[in-house]
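Visitor: sequence-free structure coming up:
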């Protein structure tokens, strides 16, 4: 069991490295301050009415820090859930999936302030160049 | 008038609303509540004669930018020129034959007033291609965000301006030895519509004012100035923040001190004398902030438009412009691997000082995939554009980071 958890955490960390890394220093201090006023002391996760559901679903297998160090869109958070379900025996979240996604999208969404010194090119409208 | 956008009851047609929504980038809320025969400003003035793909950042006052691929011409057509206004366009009927330019101030030997016909008759006419770039061009790249129009990269143009040299006029008026600065006054209207308030009155040191390319212009690309660009007379000072090129010009004051007109103070068109940490607050004093003078080296990729999909094995003909404020561009480099390697582009000389220079490159790609094509200009002082966003400053000025486009080889 212990081996399983270690493997799981390592896999999640590896996955996270593959995703876009965000420098902790790039996080806006304003956001950190705002979060600091209303976070759970044990996990560091934002306190709101859905906190306990999120804590139960997400932190029994991995560190809350895997959430805290990332800023993803709702769709990207969903793909993390699907990935954990595919690879790490995460159970079907049932009705609480929506609750978890609401929570993650609300508190840990990408903010304009959170990108590095050049963000990825976005909203590219692809067209065929005739030449 | 404007019946093509109204239906028979005087309400805006649905198609007009769609167009307007496209222009302002959002749905027109409360369209039903617009009074009958109301003509939204977008149809009336700001975008008149402008390319439909221009991007409206603000319609009161008008601030409109040009997507980089629309800036492909060596001489920017009026329909593709960005608009930057601090106030409202003069609403009075303008009679160019009655318009006057007055030169006054502490450091002139006499106050003198000229009609436009006097300027044309008395002084030699010159035409120059001059880069005008908003000091805040690129502001949207700064984090944390700074207030002001969130310009992307398109608040720049290089058009052909015709007029007389300011130095010839000042020579005719006669300068005192203590002249240090000029300041312009125009007839634009303060956003509050308070006629006693000056919208913007900026200027340049006397040395810049006396340069050969500093013009009092009445024509743009061979035609009378359009109203939005300063009809009937404006100052044009290439290479410096475009806010020194005053529109609807009626007066120039020659000052015996740094000009102290509207938008010369605080952090307007100024940057910290000592660089600050992003987001750092700084008292807005002249001790802390210096006036922006020459604009920094910069380049644009104007062809192809970002998002080009290219067949594998085909090469890509890339082109654009480069400029560097008061100096020239020495070299333009391109990269398809995020700056790991650079290829030298072909670079043309400028038509005249303070005009932008055309560059081109032929790129080939090693394999299929997603690429970012980057361009980087280096000026004659050896200073190059940064790939990352440069020094954060409270006004969000001078972001001259490299331009790049997305390309897919398929």
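Guide: That came through fine. What you see is a predicted model; the values in this text were computed from it and never measured.

Visitor: ok, which residues in the stretch 51-200 of chain B are in contact with chain A?
Guide: Residues of the stretch 51-200 of chain B found near chain A (C-beta under 8 Å from any C-beta of the partner chain) are B:143-145. Every residue, glycine included, has its C-beta placed from N, CA and C.

Visitor: Ignoring the adjacent residues along the chain, who's closest to residue B:112?
Guide: residue B:173 (4.8 Å; C-beta to C-beta, 6 or more residues apart in numbering or on different chains).

Visitor: if I look at the one you found, how far off is residue B:283?
Guide: According to C-beta to C-beta, to the nearest Å, residue B:173 stands 38 Å off from residue B:283.

Visitor: in chain A, which spans are strands?
Guide: A:127-128 (DSSP state E).

Visitor: which residues of the stretch 201-350 of chain B fall in strands?
Guide: B:215-220, B:223-224, B:234-236, B:249-255, B:270-272, B:289-291, B:298-303, B:308-310, B:316-323, B:329-335, B:343-344, B:346-347 (DSSP state E, counting those that start in this stretch).

Visitor: What's the mean pLDDT across the last one?
Guide: Pointing back at strand B:346-347 there. If you average the pLDDT over strand B:346-347, you get 98.

Visitor: Quick one, grab the pLDDT at residue A:94.
Guide: For residue A:94, the predicted pLDDT is 94.

Visitor: the helices in the chain, which residues?
Guide: Looking at chain A here, since you left the chain open. Per DSSP state H, chain A carries helices over the ranges A:2-18, A:29-36, A:51-58, A:65-68, A:74-87, A:96-107.

Visitor: oops, I was thinking of chain B
Guide: According to DSSP H, the helices that chain B contains are B:14-24, B:41-44, B:116-122, B:166-173, B:206-209.

Visitor: which secondary structure elements does the last one contact?
Guide: For helix B:206-209, the helices and strands in contact under the criterion 3 or more C-beta pairs under 8 Å, 6 or more residues apart in numbering or on different chains; DSSP states H and E are helix B:166-173, strand B:181-186.

Visitor: what residue ranges in chain B score low on pLDDT?
Guide: Per-residue confidence for chain B (pLDDT under 70) gives these ranges: B:1-45.

Visitor: quick one: residue B:211 and residue B:167 touch, right?
Guide: Yes - with contacts counted by C-beta atoms under 8 Å, residue B:211 reaches residue B:167, the gap being 7.4 Å.

Visitor: Between residue B:173 and residue B:283, tell me which one has more neighbours.
Guide: Using other C-beta atoms under 10 Å in any protein chain shown as the criterion, residue B:173 and residue B:283 rank with residue B:173 on top: 19 against 9.

Visitor: show me what contacts the closest residue to chain A within the stretch 201-350 of chain B?
Guide: Nearest residue of the stretch 201-350 of chain B to chain A: residue B:308, at 4.0 Å (C-beta to the nearest C-beta). The contact partners of residue B:308, by C-beta atoms under 8 Å, 6 or more residues apart in numbering or on different chains, come to A:127, A:129, B:316, B:405-408.

Visitor: which one of the residues of the stretch 51-200 of chain B next to chain A is nearest residue B:117?
Guide: Within those, proximity to residue B:117 (C-beta to C-beta) peaks at residue B:145, which comes in at 47.7 Å.

Visitor: what about the closest one, how many neighbours?
Guide: Neighbours of residue B:145 (other C-beta under 10 Å): 14.

Visitor: Ranking helices and strands of chain A by mean pLDDT, which lands last?
Guide: helix A:29-36 (a mean of 40; mean pLDDT, DSSP states H and E).

Visitor: how close does residue B:69 get to residue B:375?
Guide: For residue B:69, the distance to residue B:375 - C-beta to C-beta - is 13 Å.

Visitor: So which of these two has more stuff around it?
Guide: Neighbour count, other C-beta under 10 Å: between residue B:69 and residue B:375, residue B:375 has more, with 27 against 19.

Visitor: Would you agree that one is in contact with residue B:333?
Guide: Yes - using C-beta under 8 Å, residue B:375 is in contact with residue B:333, at 7.4 Å.

Visitor: ranking the helices of chain A by mean pLDDT, which is last?
Guide: helix A:29-36 (a mean of 40).

Visitor: Using PyMOL, make a named selection holding only the buried ones among the contacts of residue B:308.
Guide: Of these, the buried ones go into a single PyMOL selection, burial set by 16 or more other C-beta atoms under 10 Å in any protein chain shown:
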select buried, (chain A and resi 129) or (chain B and resi 316+405+406+407+408)
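
Visitor: Out of the contacts of residue B:308, flag the one nearest to residue B:239.
Guide: Once C-beta to C-beta is applied, the member of those that ends up nearest residue B:239 is residue B:405, at 25.6 Å.

Visitor: My read is that the closest one contacts residue B:303, right?
Guide: No - using C-beta under 8 Å, residue B:405 is not in contact with residue B:303, being 9.4 Å away.

Visitor: before we move on, the earlier item: burial-wise, tell me which of the helices and strands packed on helix B:206-209 comes out on top.
Guide: strand B:181-186 (a mean of 24; mean count of other C-beta atoms under 10 Å in any protein chain shown).

Visitor: what's the angle between it and strand B:215-220?
Guide: Interaxial angle of strand B:181-186 relative to strand B:215-220 (axes from the mean of the first three to the mean of the last three C-alpha atoms, to 10 degrees): 30 degrees.

Visitor: I'd like the distance from strand B:181-186 to the chain centre, please.
Guide: Chain-centre distance of strand B:181-186: 18 Å, with C-alpha atoms, centre = their mean, to the nearest Å.

Visitor: how many other residues sit next to the nearest residue to residue B:232 once chain neighbours are set aside?
Guide: Leaving aside its sequence neighbours, residue B:232 sits nearest to residue B:96 (C-beta to C-beta, 6+ apart; 3.8 Å). As a burial measure, residue B:96 scores 14 neighbours (other C-beta under 10 Å).

Visitor: likewise residue B:339?
Guide: The tally of other residues near residue B:339 (other C-beta under 10 Å) stands at 14.

Visitor: How about it, nearest residue that isn't a chain neighbour?
Guide: residue B:387 (5.4 Å).

Visitor: burial count for that neighbour?
Guide: 16.

Visitor: distance of it from residue B:378?
Guide: 13 Å.

Visitor: again with residue B:249
Guide: Applying C-beta to C-beta to residue B:249 and residue B:378 gives a distance of 35 Å.

Visitor: Between these two, which is the more surrounded one?
Guide: Per other C-beta under 10 Å, whichever of residue B:249 and residue B:378 has more neighbours is residue B:249, with 23 against 19.

Visitor: pretty sure the more buried one is touching residue B:233, no?
Guide: Yes - using C-beta under 8 Å, residue B:249 is in contact with residue B:233, at 4.8 Å.

Visitor: shared neighbours of those two, which are they?
Guide: B:101, B:216.

Visitor: Nearest residue to the one residue sitting closest to the centre of chain B in space, please, no chain neighbours.
Guide: For chain B, the residue nearest the mean C-alpha position is residue B:133 (3.5 Å; C-alpha atoms, centre = their mean). Excluding the flanking residues, the one nearest residue B:133 by C-beta to C-beta, 6+ apart is residue B:156, at 4.0 Å.

Visitor: quick one: contacts for that neighbour?
Guide: B:66, B:71, B:82, B:131-134, B:137, B:298, B:300, B:323.

Visitor: Can you report how many residues neighbour residue B:226?
Guide: 17.

Visitor: how far away is it from residue B:48?
Guide: 8 Å.

Visitor: do residue B:211 as well
Guide: Per C-beta to C-beta, residue B:211 is found 33 Å from residue B:48.

Visitor: neighbour count winner among those two?
Guide: Neighbour comparison, residue B:211 and residue B:48: the larger count goes to residue B:211, with 18 against 12 (by other C-beta under 10 Å).

Visitor: what's that one in contact with, if anything?
Guide: Taking C-beta under 8 Å, 6+ apart, one finds residue B:167 in contact with residue B:211.
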